[in-house]
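Novice: Got a sequence here, can you model it:
(chains A and B)
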Amino acid sequence: MTKDQIADVLREIGVYLELTEDSPYRALAYKRAARTLLHWPHWKLPEDLGDIPGIGEKIAAAIREIQEKGESELLERLKKKVPPQILPLLRLPDIGTKVLRILIKEGYADIAQVVEGARNRQIRKLPGLGAKTEKALLKGIEILEKGLEVMPIALAWPLANELITILQEWPEVNKIALAGELRRGVEQVRSIDIILNLTTDSERLVQRLPSLNLFKEIKGQDKGKVVFVTHFGIDVNLFTVPEEEWGYWLVYFTGSEAHFQRLEKLLPPEKKEFKQEREVYQSAGLPFIDPEVRETGEEVSRVKEEGIRLASDQDMRGDLHCHSTWSDGGSDIAELVSMAQQMGYEYLAITDHSQSLKIAGGLSQERLMAQRAEIEKIRGRLNNFTLLHGVEVDILKDGRLDYPDEILAGMDLVIASVHSHFRLDRHTMTERVSLALKNPHVDILAHPTGRLIGMRQPYELDVEAIIDLAAVTGTYLELNSSPDRLDLSPPYLEMAKARGVRICINTDAHNKDRLRDINLGVKTARRGWLSPEDIVNTRTSTDLLKLLEKRQ
DNA sequence: GCCGTTTTCGGCCCGACTGTTTTCAGTCG
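Specialist: The predicted structure follows:
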């Protein structure tokens, strides 16, 4: 169990405590401990967990238990007190633990009952709830039911990677690779698809699967295919294929279906003996088509006409959005810089929050200047690495920015973003963001739509108008690589590219390890057909500085 | 459940918005 997974169990305990206990503070303690762990800047936790602030005797014991057994007895006990089918309602906007508590208390045990209660106007009669909550439930459930069968990439991606890391060590496994929607970078996936070449028959593999931490049960078994369910509620499909047909089946199981069908027509009939994926495309008379753009089938003719050169991880030379301990980050500036250097970057911008975002420890103007001093000190020790002093300034409700222009003018880099008043109507929101774009000090608009995949809809915003405006003002739009954001999404990336708007792929990392999340951002960029030249932070440090200077 | 020296009890990240409420509580960053 990684510390992030432990944090997730603690958070879950917190949620269940909120649902079952009268006093909110025990729950708060667990949630706070979860956050602390998540932000803990080292992979290894200290020997004495009690040294970590917010973790005392009980929670330390809980962490040990989770580390050793992979589960928590307290959590299992709490789970028994809550009807499991009603829990997904927590993901709905405006529905939190308090509303859910009332519903549970009143005997609602699953979503169907809640829908019925809402339709019959019974829910508004419950103490503490009203017509608006009833409406929010109905509307939310409608969206939820569409999304219930899928898992956001933010969860599925690490899960799949962990699984592959474990499986490839097994003696039964000769070759292993990720396939399916996840390999293509689809935002919400229906399953984790993995293809394998085995040294034994698949029976041996099946016998061993229950030893996996995340294994729940075998769901189905067919020749060449094993499906099992994980504790995280997602299916894992394991496809076993012969080594000499590896390339063929990797293309087949990566999909999409439409892509494969289109491709198949160009292949010699019946031939499956392709050891490498590249050979499949070669045989079809095509350049290699990257998995991320294998979608509609149209890409087959598109690469024939236009060729293909998508950005890759190796093209990235820096990150222009991350948070340090000065605001709500978990690593200090020196740690962030050191990680960026390890990743082979040439530059990094520290961009902590601005003053009005109190909960995130937004910096007052005085603190911002104090941070400048620290940055300059660290700069003095750096060779061949550019450390920029930036800021993520809040776009206030009326479109003004959270610092005066004089302050912004003095920054190396200014990122503007929305963190409050999410529910303005489309016109007002578009005006608000436009105003920020028109400020000449703003270099980048961060997470432009504010969506959280599978959790929060984007706010009402005319993104097309924003892209058009960005083309005029020369503002860069961010592709935020935080796995639950991936914002802008591929269709907008393509639109931006077509209109000459440059994209900046940033992690928005809140601790040094998260700087590595750039990979999902790059994957998303590839889905939007972005080439290195469409992306700002593929530039060398010299070119980047020139670009930023020109914008001043 | 955790924390602390102005507290070993009585607080618990801040502030705005909104819904259900008529003076406050839940949700969301």
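Novice: Next, the distance between the ends of stretch A:105-122.
Specialist: This stretch, stretch A:105-122, spans 14 Å end to end (C-alpha to C-alpha, to the nearest Å).
Novice: How about that stretch and DNA strand B, any contact?
Specialist: No: counting by C-beta under 7 Å from any atom of the strand, DNA strand B is not contacted by stretch A:105-122; separation bottoms out at 11.4 Å. Backbone N, C-alpha and C define where each C-beta goes, glycine included.
Novice: what's in contact with that stretch?
Specialist: A:83, A:85-86, A:88-89, A:103, A:123, A:126, A:134-135, A:137-138, A:141, A:144-145 (C-beta atoms under 8 Å, 6 or more residues apart in numbering).
Novice: Return the distance of that stretch from the chain's centre.
Specialist: 32 Å (C-alpha atoms, centre = their mean, to the nearest Å).
Novice: List the buried residues for that stretch?
Specialist: Across stretch A:105-122, burial judged by 16 or more other C-beta atoms under 10 Å covers A:108, A:111, A:113-115, A:117-118.
Novice: with those in mind, which one is nearest to DNA strand B?
Specialist: Nearest to DNA strand B out of the buried residues of stretch A:105-122 is A:A118 (C-beta to the nearest atom of the strand; 11.4 Å).
Novice: tell me the pLDDT at A:Q552?
Specialist: With respect to pLDDT, A:Q552 scores 61.
Novice: And for A:W43?
Specialist: 66.
Novice: Please apply the same query to A:Y476.
Specialist: We have a pLDDT of 97 for A:Y476.
Novice: who's in contact with it?
Specialist: A:443-445, A:470, A:501-504, A:536.
Novice: what's the closest of those to DNA strand B?
Specialist: A:L445 (15.4 Å).
Novice: Could you count how many residues lie near that closest one?
Specialist: 25 (other C-beta atoms under 10 Å).
Novice: Surely it and A:L479 touch.
Specialist: No: assessed by C-beta atoms under 8 Å, A:L445 is found out of contact with A:L479, at 11.0 Å.
Novice: Tell me where the stretch 151-300 of chain A has helices.
Specialist: Remark: helices assigned in the stretch 151-300 of chain A by DSSP state H, counting those that start in this stretch are A:153-167, A:180-184, A:202-208, A:246-254, A:257-264, A:277-283, A:298-306.
Novice: Find the residue closest to A:L10 in space, skipping its chain neighbours.
Specialist: A:A34 (3.9 Å; C-beta to C-beta, 6 or more residues apart in numbering).
Novice: Report the distance from the helix or strand where the one you found lies to the chain centre.
Specialist: Taking DSSP states H and E as the criterion, A:A34 maps to helix A:25-39. Computed by C-alpha atoms, centre = their mean, the chain-centroid distance of helix A:25-39 equals 21 Å.
Novice: Identify the residues contacting it?
Specialist: A:3-4, A:6-8, A:10-11, A:13-15, A:17-18, A:21, A:45, A:52-55, A:59, A:63, A:329-330, A:510-511.
Novice: before we move on, what about stretch A:82-101?
Specialist: With C-beta under 8 Å, 6+ apart as the test, stretch A:82-101 has contacts from A:15-16, A:18-20, A:103-104, A:108-111, A:114, A:128-129, A:132-133, A:136-137, A:140-141, A:143-144, A:148, A:454-457.
Novice: Just those residues: which are in helices?
Specialist: Judged by DSSP state H, helices contain the following of those: A:15-16, A:18-20, A:103-104, A:111, A:114, A:132-133, A:136-137, A:140-141, A:143-144.
Novice: Now, of those, which are buried?
Specialist: Neighbour counting by 16+ other C-beta under 10 Å classes A:15-16, A:18-20, A:103-104, A:111, A:114, A:133, A:136-137, A:140-141, A:144 among the ones in helices among the contacts of stretch A:82-101 as buried.
Novice: Count the neighbours of the closest residue in space to A:N537 that isn't next to it in sequence for me.
Specialist: Nearest non-adjacent residue to A:N537, counting by C-beta to C-beta, 6+ apart: A:G318, 5.0 Å away. Residues near A:G318, counting by other C-beta under 10 Å, number 26.
Novice: No more questions from me, cheers.
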